[in-house]
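# Quick one, structure for this:
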Amino acid sequence: MILVMDPIIWHKKQTDISRTRAKPLGADLRLLILQKMQGKPELSVLLEVFALEVEKQIDISRMLWRHETTTTLIRHGQGTDNRQCFALRYADHALGEIQYDTPYALDQDEINLLHTYHRLLAGPLFSAIEYRRIKEMAMRDHLSGLRNRSCLDQDILHAIAMSERRQVGLVLLLFDLDNFKQVNDKYGHLDGDNVIRRFSSILKQSVRTSDRCYRMGGDEFVLLLQPASEHSARKVIHRVMTRIEQDHTLRSLEIGTSIGATPYRRGDTPVSLFERADRQLYQHKRSK
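As a prediction, the model looks like this:
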């Protein structure tokens, strides 16, 4: 006699057999997991360690973390119908939320286990968020809100490497404000600071999120456009010039800008890119 099992029941049995069974975390294991996560200031490294520990107990199809305006995919699998979101906190500090997609609905034991993991994650995650915030502050110009020269020195090397390895177009735009010194001399540094802030805002509004804006110091600014071509760079320049003309404050102070633009050429270094853009900028300034 051959026993025929209903396929729906059989599928359920297979799922139950292959499913990882969650076990409570003892004190020694909690301490070990905490030690693995402590001292990981880089968020990507910390979240990877956390994910590896969770996956020892729970099958995860997809995992992501949302905090403020950013979403970080920790596991890039397919989303499922079984989705759980958990708010993370450390003392009075909100640490965003973490979302899990699993191949099955989590039971209460698994949910309780995730809460334990989250309590272990909270302290190291708070430290990593603070580390990122301080690191970003060090790379920002406080007046304009744009990235600073130190950040540019790092980013341009990465951008050149991307162009070399993947043939991704890169264009460097260099800006120098016209009549800025006269504004400082005539009206004072408060008006000069306002000019810097307004022009910085124009730059940010004129580019995509993948492009990067920098204040070199004084009234000198840089844009790194990537991916980009000379054609797309001309569109950015047009948007910048149009917004300057439409800005009542800049127009009333007779603020303009001189521009040097150059695409990346194979073999370029940061120095050669800047020298070429600088020559174009001064040609533009002298032609006015």
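
# and the gap between Leu224 and Ser258?
Remark: distance between Leu224 and Ser258 (Cβ to Cβ, to the nearest Å) = 18 Å. (C-beta placed from N, C-alpha, C; glycine too.)

# of these two, who's got more company?
Using other Cβ atoms under 10 Å as the criterion, Leu224 and Ser258 rank with Leu224 on top: 24 against 18.

# Quick check: chain neighbours aside, which residue is closest to Leu225?
Once flanking residues are discounted, Leu225 sits nearest to Val171: 4.4 Å by Cβ to Cβ, 6 or more residues apart in numbering.

# any idea how far that neighbour lies from Leu32?
Taking Cβ to Cβ, one finds Val171 at 50 Å from Leu32.

# neighbour-wise, which of the two wins?
Val171 (25 against 12).

# what's across from that one in the sheet?
For Val171, the beta-bridge partners under DSSP bridges are Leu225, Pro263.

# Who are the contact partners of it?
Going by Cβ atoms under 8 Å, 6 or more residues apart in numbering, Val171 touches Leu224, Leu225, Gln226, Ala228, Ser229, Glu230, Ser232, Ala233, Ala261, Thr262, Pro263, Tyr264.

# Where is the longest helix in this structure?
Longest helix in the chain, counting residues (DSSP state H): helix 108-138.

# Report the mean per-residue pLDDT for the following helix or strand past it.
Counting by DSSP states H and E, the element after helix 108-138 in chain order, helix or strand, is helix 149-166. In this model, helix 149-166 carries a mean pLDDT of 95.

# which of the residues in helix 149-166 are buried?
Applying a neighbour-count criterion of 16 or more other Cβ atoms under 10 Å, the buried positions in helix 149-166 are Cys151, Leu152, Asp155, Ile156, Ala159, Ile160, Met162, Ser163.

# measure the residue nearest to the spatial centre of the chain to Thr209 for me?
Central residue of the chain (Cα atoms, centre = their mean): Thr70, 7.4 Å from the mean position. Distance check for Thr70 against Thr209: by Cβ to Cβ, it reads 11 Å.

# and what of Phe86?
28 Å.

# Repeat that for Arg265.
Going from Arg265 to Thr209 by Cβ to Cβ gives 26 Å.

# higher neighbour count, these two?
Each of Arg265 and Thr209 has its neighbours counted (other Cβ under 10 Å); Arg265 has more, 11 against 6.

# Which secondary structure state does that one sit in?
Classification of Arg265 by DSSP: H, G, I helix; E, B strand; the rest coil places it in coil.

# Helix 149-166 and the helix or strand containing Leu173, what's the angle between them?
Using DSSP H and E, Leu173 sits within strand 171-178. Per axes from the mean of the first three to the mean of the last three Cα atoms, to 10 degrees, the angle that strand 171-178 makes with helix 149-166 is 150 degrees.

# Which residue ranges of this protein form strands?
For the chain, the strands defined by DSSP state E cover 62-67, 70-76, 82-90, 93-102, 171-178, 212-217, 220-225, 256-263.

# I'd guessed Met63 sits against Phe86; true?
No: with contact defined as Cβ atoms under 8 Å, Met63 does not count as touching Phe86 (11.0 Å).

# Which one's more surrounded, those two?
Between Met63 and Phe86, counted using other Cβ under 10 Å, the more crowded position is Met63 (22 against 14).

# can you pull up the bridge partners for the more buried one?
Arg75, Tyr100.

# Contacts only, for it.
Met63 neighbours (Cβ under 8 Å, 6+ apart): Ala51, Val54, Leu73, Ile74, Arg75, Ile98, Gln99, Tyr100, Asp101.

# wait, the fifth one sits on Trp65?
Think Arg75. No: taking contacts as Cβ under 8 Å, Arg75 lies outside contact range of Trp65: 10.5 Å.

# ok, now how distant is Lys36 from Ile74?
For Lys36, the distance to Ile74 - Cβ to Cβ - is 16 Å.

# Sweet, I'm off.
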